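>>> Kindly return the folded structure for what I paste below:
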Amino acid sequence: MATNAPRDIYYAVWITFFILGLGSLLPWNFFMTATMYFTSRLKDPLIDGNGTAVNGTTIGTLESIFNNVMTLSSMVPMLIFSCLNSFIQQRIPQKLRISGSLAAILVVFLLTAVLVKVEMAPLTFFCLTIIKIICINSFGAIFQGSLYGLAGLLPVSYTTPIVSGEGIAGTVAAVCMICALATGAALQDSAVGYFITACVVILLAILSYLALPSIEFFQYYMESNRPRTSTDQENKWNKPDVVISCSEEEDKPDVSVLAIFKQIWVVAMSMCFIFTITIGTFPAVTVDVQSTIADGGAWDTYFIPVACFLLFNVMDTVGKTLTGICKWPGADSIWLPILVGVRVVFVPLFMLCNVQPRHYLPVWFGHDSWYILFIILFAFSNGYLASLCMCFAPKMVAPHEAETAGAVMVFFVSLGLTLGSAFSFAFRAMI
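Alright, predicted model coming up:
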């Protein structure tokens, strides 16, 4: 079948999947990058800088709880809808799931950009923001699951552009954060730039997806992975009734999520563990590491944006992109779960860096170079191993089960993110 396949002329399909990968995470990365903008609008004018009300009573502020609530309201809907997507993808057309989810996220970001210039009470702004977070992550989970399932119908190398696009999304957001710091741009102006850029990327992703069916390479693999061909459909009328009944069931084969999980459980659990370790330490622990050589200079200002966020995203992208060239270890190799498990060593390594404030553990790796080395290995292994698992899963099942396998993998990504968020509180408290 592959020998008769048309060429991906000008790498049009590869580039399209890269854009779709970029569109899947860039909007949310920009949303998180604008955290300072959101917290600045949640300051209650009746409360002073110490959180004390005008009558002298100390109370909690929306500003102080925003980050925790944002994490909860992003992870829980993502987990729920990733799970639901494994089932609804069999009932809702793929085109509606992908283009509809992107359109919904586009509307949310357009609204977010408009609201930058609209004055409102902190509580109202807080509620609207949380609702937007829930919507972005709910539709984002459906989109990601459907996208990986779609890529699973193509050659295995076509999962790589998706994960590369996701990696570039984090890098772009980190660069924009550094540029905003360097230029001293106002929070509102930076936020408008983030949200408008996100809207442009989402719109580009929608247009790219709608153009996919017109590409011969894409058409070939979609037709090749159909349960029946048109010739089979015509021939069934010449067969006995009992055979016709059988053929009709083959037209729409049953897809069992449990049966698929039994085939891909090693890579699925590996994916979950990868993100549990990654999110458990990044950024909850890594963001509190302080430079020991900056001495109050410019490096002190840019240390975390560059050494933590930018370096992590660059090396994560390098790891993801490398899977387009090298896919070792294989899906059935014992080395894959072993390498995934070994990543747990990064938890104590980062804890023993110069994380401040600290109360219990000593500092063993105080110099900045240790921290930078750990970030490089940590990010590269995250990108490479996660990309491997995501590439392997759709190819471990039958072609008509590939989309569901992709949705199952996204669920385990979401589960890993949720578990990692929960463990991050414990890891930080242990320091």
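
>>> wait, residue 304 sits on residue 282?
No. Judged on Cβ atoms under 8 Å, residue 304 makes no contact with residue 282 at a distance of 11.5 Å. Any C-beta I mention is one placed from the backbone N, CA and C, and that applies to glycine too.

>>> ok, those two, which is more surrounded?
Ranked by neighbour count (other Cβ atoms under 10 Å), residue 304 and residue 282 place residue 282 first, with 22 against 18.

>>> can you pull the pLDDT of that one?
Note on residue 282: pLDDT of 90.

>>> Need the residue closest to the centroid of the protein.
Taking Cα atoms, centre = their mean, the centroid of the chain lies closest to residue 25, which sits 5.4 Å from it.

>>> for this protein, which spans come out with low pLDDT?
Along the chain, segments meeting pLDDT under 70 span 1-3, 44-60, 226-254.

>>> ok, back up a step: following the chain onward from whatever helix or strand the residue nearest to the centre of the chain lives in, which element is next?
Assigned by DSSP states H and E, residue 25 falls within helix 12-33. Using DSSP H and E, the helix or strand that directly follows helix 12-33 along the chain is helix 35-41.

>>> Show me what counts as buried in that next one.
Neighbour counts over helix 35-41 (16 or more other Cβ atoms under 10 Å) mark 37, 38, 39, 41 as buried.

>>> Domain-wise, how is the protein divided?
The chain is divided into the following domains under automatic domain parsing: 1-48+61-226, 253-431.

>>> For the helix holding residue 25, what is the distance to the chain centroid?
Here helix 12-33 shows a centroid-to-chain-centroid distance of 9 Å under the convention Cα atoms, centre = their mean, to the nearest Å.

>>> i'd like the first residue to be 57 from this point on
All right, first residue 57 from here; so that's helix 68-89.

>>> Show me what that helix packs onto, helices and strands only.
Packing partners of helix 68-89 (3 or more Cβ pairs under 8 Å, 6 or more residues apart in numbering; DSSP states H and E): helix 150-171, helix 178-207, helix 216-239, helix 243-267, helix 272-280.

>>> quick one, which of those helices is nearest to residue 389?
Residue 389 lies closest, by Cβ to Cβ, to one member of those: helix 216-239, at 18.9 Å.

>>> Could you check the angle that closest one makes with helix 178-207?
150 degrees (axes from the mean of the first three to the mean of the last three Cα atoms, to 10 degrees).

>>> Packing partners of helix 216-239?
Against helix 216-239 (3+ Cβ pairs under 8 Å, 6+ apart) you get helix 68-89, helix 178-207, helix 243-267, helix 354-359, helix 367-378, helix 424-448.

>>> Could you export these as JSON lines, including distance to residue 145?
As requested, those are exported to JSON lines (distance: least, Cβ to Cβ, whole Å):
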{"stretch": "helix 68-89", "distance to residue 145": "16"}
{"stretch": "helix 178-207", "distance to residue 145": "6"}
{"stretch": "helix 243-267", "distance to residue 145": "16"}
{"stretch": "helix 354-359", "distance to residue 145": "43"}
{"stretch": "helix 367-378", "distance to residue 145": "24"}
{"stretch": "helix 424-448", "distance to residue 145": "16"}
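
>>> between the ones you listed, which one is nearest to residue 153?
Residue 153 lies closest to helix 178-207 among the helices and strands packed on helix 216-239, at 4.5 Å (Cβ to Cβ).

>>> Now do residue 87 against residue 81, distance only.
10 Å (Cβ to Cβ, to the nearest Å).

>>> next one: residue 67
Distance of residue 67 to residue 81, computed by Cβ to Cβ: 21 Å.

>>> out of the helices and strands packed on helix 216-239, nearest to residue 275?
Nearest to residue 275, of the helices and strands packed on helix 216-239 and by Cβ to Cβ, is helix 68-89 at 10.2 Å.

>>> Direction-wise, compare that closest one with helix 367-378 and give the angle.
If you take the same axes, to 10 degrees, helix 68-89 sits at 160 degrees to helix 367-378.

>>> contacting residues for residue 469?
By Cβ atoms under 8 Å, 6 or more residues apart in numbering, the contact set of residue 469 is 138, 200, 327, 328, 331, 442.

>>> Closest to residue 186 out of those?
Set against residue 186, the nearest of these by Cβ to Cβ is residue 138 (19.4 Å).

>>> Who are the packing partners of the helix or strand that closest one falls within?
If you go by DSSP H and E, residue 138 is part of helix 118-144. Contact analysis of helix 118-144 by 3+ Cβ pairs under 8 Å, 6+ apart lists helix 91-97, helix 178-207, helix 458-486 as its packing neighbours.

>>> Can you give the distance from the first one to the centre of its chain?
When C-alpha coordinates are averaged (Cα atoms, centre = their mean), helix 91-97 and its chain have centres 22 Å apart.

>>> quick one: which of the helices and strands packed on helix 216-239 is nearest residue 320?
Set against residue 320 and scored by Cβ to Cβ, the helices and strands packed on helix 216-239 come closest in helix 424-448, at 7.8 Å.

>>> hang on, the earlier thing: show me the contacts for the residue nearest to the centre of the chain.
Residue 81 neighbours (Cβ under 8 Å, 6+ apart): 221, 222, 225, 226.

>>> can we see that at 6 Å?
Shown in contact with residue 81 (Cβ atoms under 6 Å, 6 or more residues apart in numbering): 222, 225.

>>> who touches stretch 425-432?
Taking contacts as Cβ under 6 Å, 6+ apart, the residues outside stretch 425-432 that touch it are 345, 363, 367, 368, 371, 405, 409.

>>> a markdown table for those residues, including distance to residue 353?
Formatted as a markdown table, those follow (distance: Cβ to Cβ, whole Å):
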| residue | distance to residue 353 |
| --- | --- |
| 345 | 17 |
| 363 | 14 |
| 367 | 19 |
| 368 | 22 |
| 371 | 25 |
| 405 | 26 |
| 409 | 20 |
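
>>> What is the nearest of those to residue 212?
Relative to residue 212, the closest of these is residue 371; by Cβ to Cβ it sits at 22.9 Å.

>>> tell me the angle of the helix holding residue 138 relative to helix 178-207?
30 degrees.

>>> which one is residue 182 nearest to, not counting chain neighbours?
In this structure, residue 182 finds its nearest non-sequential neighbour in residue 118, 4.7 Å apart by Cβ to Cβ, 6 or more residues apart in numbering.

>>> Just give me the neighbour total for that neighbour.
20.
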